[in-house]
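In: What shape does this take:
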Amino acid sequence: MNPLCSKCNLVVYPTEKINCLDKYWHTKCFRCEVCNMSLNMKNYKGFEKRPYCNAHYPRANFTCVADTPENIRLKQQSKMQSQVLYKEDFEKNRGKSFTVVTDTPELQRLKKSQDQVSNIKYHEEFEKSKTSHLHEEVERSKTQHQQPAAFQPSAASQNYHYDPVPEPVRPAAAAPPPSAGQKRYRAVYDYAAADEDEVSFMDGDVIVDVQQIDEGWMYGRVERTGQQGMLPANYVEAI
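Out: Presented below is the predicted three-dimensional model:
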């Protein structure tokens, strides 16, 4: 069924139909409401679902336009930019130097690559440290297990043919772990452990006995829970 013209209320046939402002118009009926100037889709301006020319367009504080896909896209983009600026100002107020941006596929790929590089570097440093401690323990054990010098009897006791029996050597105790540092840090973000050797904490928790592993990771103990493990260095700040 053909719709009616919003101007003359007559039937609008497809060959002369204009669909604009949520209404249907004859081509000849699509005119300015004030000066009756003939309009088209390029030079009209809509106000309260009525067409106007540029000269007689009502000047209001806000312009009501149709919600086209382009307008919806621009609105969503403006909202995203507003959120980004808000987060950026929020982080600046907290004294952070980095800028919060939206997650794009490219940024997610770079973040994943950085995490992999950081994990590889951490594991290399961790293995080197463990190998160094093991080597020190072995050397210490060898030193403590060396046999004492043979007993040389005096000239007076040589007539008795006394052959002293060496005392049994007790095995050396395991070397104590290296003493932890006394640095204290405060968490500025929540963090959930992603591996068995990591530790979880919440914003505001105090981290004690901190040891620096590399530029991106630390080792410490959460004072609130008593748990200890690795933690990212950019999630805490020194007290």
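In: Which parts of the chain are helices?
Out: For the chain, the helices defined by DSSP state H cover 69-93, 105-144.
In: Quick one: low-confidence residue ranges for this structure.
Out: Low-confidence segments of the chain, defined by pLDDT under 70, span residues 60-66, 95-102, 144-182.
In: In space, not sequence, find me the middle residue of it.
Out: Nearest to the geometric centre of the chain sits residue 111, at 8.2 Å (C-alpha atoms, centre = their mean).
In: any idea how far that one is from residue 105?
Out: Computed with C-beta to C-beta, to the nearest Å, the distance linking residue 111 and residue 105 is 11 Å. From N, CA and C alone the C-beta is placed, and that goes for glycine too.
In: re the thing from before, let's have the helices of the chain in a markdown table, adding distance to residue 227.
Out: Formatted as a markdown table, the entries for the helices of the chain read as follows, by distance: least, C-beta to C-beta, whole Å:
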| stretch | distance to residue 227 |
| --- | --- |
| helix 69-93 | 28 |
| helix 105-144 | 18 |
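In: Could you pull out the strands in this protein for me?
Out: With DSSP state E applied, the chain shows strands at 17-20, 23-26, 45-47, 50-52, 183-187, 206-212, 217-222, 228-232, 236-238, listed in chain order.
In: Export the ones you listed as TSV, with columns for mean neighbour count and distance to residue 195.
Out: Listed next are the strands of the chain as TSV, based on neighbours: other C-beta atoms under 10 Å; distance: least, C-beta to C-beta, whole Å:
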stretch	mean neighbour count	distance to residue 195
strand 17-20	16	60
strand 23-26	19	63
strand 45-47	17	59
strand 50-52	20	65
strand 183-187	17	18
strand 206-212	17	17
strand 217-222	20	11
strand 228-232	19	8
strand 236-238	15	18
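In: mind checking which of the ones you listed is nearest residue 115?
Out: When the strands of the chain are ranked by distance to residue 115, counting by C-beta to C-beta, first place goes to strand 228-232 at 9.7 Å.
In: Show me what the closest one is packed up against.
Out: Strand 228-232 is packed against strand 217-222, with contacts defined by 3 or more C-beta pairs under 8 Å, 6 or more residues apart in numbering; DSSP states H and E.
In: per-domain residue ranges of the chain.
Out: Structural domains assigned to the chain are 1-66, 70-100, 103-140, 183-238, following automatic domain parsing.
In: From residue 135, how far off is residue 216?
Out: 26 Å.
In: Those two - which one has more neighbours?
Out: Higher neighbour count among residue 216 and residue 135: residue 216, with 15 against 10, using other C-beta atoms under 10 Å.
In: surely that one meets residue 234?
Out: Yes - shown here, residue 216 and residue 234 form a contact pair, counting by C-beta atoms under 8 Å, at 7.3 Å.
In: Next, count neighbours for the nearest residue to residue 125 once chain neighbours are set aside.
Out: Taking C-beta to C-beta, 6 or more residues apart in numbering, and ignoring the residues beside it in sequence, residue 125 has residue 214 as its nearest neighbour in space, at 5.4 Å. A count of neighbours around residue 214, defined by other C-beta under 10 Å, yields 13.
In: who's in contact with residue 214?
Out: The neighbours of residue 214, taking C-beta atoms under 8 Å, 6 or more residues apart in numbering as the test, are 118, 121, 122, 125.
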